[in-house]
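Participant: model this:
(one chain, ligands or ions: 2)
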Amino acid sequence: MNIEKLIRDVPDFPKKGIVFKDVTPLLANRKALVQCADQLAALSPNDIKIDKVIGIEARGFILGGMIAERLGAGFVPVRKKGKLPSEVISKKYGLEYGEDTLQIHTDAIVAGEHILIHDDVLATGGTASAVCQLVEELGGIVVQCNFIMELDFLKGRDHLITNVASLINY
Ligand SMILES: O=P(O)(O)OC[C@H]1O[C@H](OP(=O)(O)OP(=O)(O)O)[C@H](O)[C@@H]1O
Ligand SMILES: Nc1ncnc2[nH]cnc12
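Facilitator: Ligands and ions are numbered 1, 2, ... in the order given. All right, here's what the predicted structure looks like:
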């Protein structure tokens with residue numbers, strides 16, 4: 001089925017001038033959800049065993065968990081500042097409509113592990129790039145960053161030195 005039809009444009013959210021790509025209709029459709037998870041898992045390079053999938057808060061959690069299950073990998077959340085309970089490392093970052101700080105538990109990744117990072121949208125790349133840096137600080141190897149969609153005109157791909165894959169390009 002055509003998952004693109006289930007992504008809704010919301011003008012002027014969360015700020016004037018931003019066209020927000022809303023994935024909630026896609027997530028609510030049982031066939032689209034499964035198809036999306038299957039296709040994202042299939043994007044992962046099949047010659048490297050993924051140890052852990054990272055989902056980026058909040059919209060990266062849903063399909064990140066489904067991809068981890070399909071790849072037989074663990075799941076690691078990267079969260080906004082102040083949400084993870086144990087010892088963390090942090091990275092400040094800028095995104096299409098603001099800035100924030102992301103955190104990961106220091107014991108979430110063992111040095112040398114192969115990591116796949118998932119999020120719903122690649123826009124400027126600020127968010128995904130910060131997560132790559134967190135993974136590398138812990139000694140993880142980023143195998144791929146994958147996304148439901150990529151906003152090509154914001155050139156997020158240029159900020160990521162790793163393999164980048166997405167299901168839809170705008
Ligand atoms: O490529 P960038 O310009 O960095 O933008 C992409 C990020 O923006 C959105 O998250 P948001 O910070 O809105 O958080 P949410 O998932 O909690 O709504 C999206 O889910 C990505 O994480
Ligand atoms: N235009 C957009 N729609 C949805 N999520 C985003 N994250 C950054 N830019 C976005």
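
Participant: per-residue confidence at Lys155?
Facilitator: If you check Lys155, the pLDDT there is 96.

Participant: hang on, it packs against Gly125?
Facilitator: Yes: using C-beta atoms under 8 Å, Lys155 makes contact with Gly125 at a distance of 7.4 Å. Every residue, glycine included, has its C-beta placed from N, CA and C.

Participant: With neighbour numbers in mind, choose between the two.
Facilitator: Gly125 (24 against 13; other C-beta atoms under 10 Å).

Participant: How much space separates that one from Val131?
Facilitator: 10 Å (C-beta to C-beta, to the nearest Å).

Participant: Tell me the residues of this protein that contact ligand 1?
Facilitator: Neighbours of ligand 1 within the chain, by C-beta under 6 Å from any ligand atom: 56-59, 95-96, 119-127, 156.

Participant: Give me the buried entries from those residues.
Facilitator: Burial by neighbour count, judged by 16 or more other C-beta atoms under 10 Å, picks out 56-57, 59, 95-96, 119-127, 156 from the residues of the chain next to ligand 1.

Participant: and the residue nearest in space to the middle of the chain, what element?
Facilitator: Geometric centre of the chain, nearest residue: Asp119, 1.9 Å, by C-alpha atoms, centre = their mean. Taking DSSP states H and E as the criterion, Asp119 maps to strand 114-122.

Participant: repeat for Gly55
Facilitator: strand 52-56.

Participant: before we move on, back to that, how about the strand holding Asp119 and ligand 2, any contact?
Facilitator: Yes: among the residues of strand 114-122, Val121 lie within reach of ligand 2 under C-beta under 6 Å from any ligand atom.

Participant: other SSEs contacting that strand?
Facilitator: Applying 3 or more C-beta pairs under 8 Å, 6 or more residues apart in numbering; DSSP states H and E, we find strand 114-122 packed against strand 52-56, helix 60-71, helix 126-137, strand 141-150.

Participant: which of these is buried the deepest?
Facilitator: strand 52-56 (a mean of 26; mean count of other C-beta atoms under 10 Å).

Participant: contact partners of that one?
Facilitator: 60-65, 67-68, 71, 73-78, 102, 104, 108-109, 113-119, 127-128, 131, 135, 140 (C-beta atoms under 8 Å, 6 or more residues apart in numbering).

Participant: swap in stretch 24-35?
Facilitator: Counting by C-beta under 8 Å, 6+ apart, Met1, Ile3, Leu6, Ile7, Arg8, Cys36, Ile62, Met66, Ile148 sit against stretch 24-35.

Participant: got the angle for the lengthiest helix in the chain vs helix 60-71?
Facilitator: For the chain, the helix with the greatest residue count under DSSP state H is helix 30-43. Here helix 30-43 runs at an angle of 60 degrees relative to helix 60-71 (axes from the mean of the first three to the mean of the last three C-alpha atoms, to 10 degrees).
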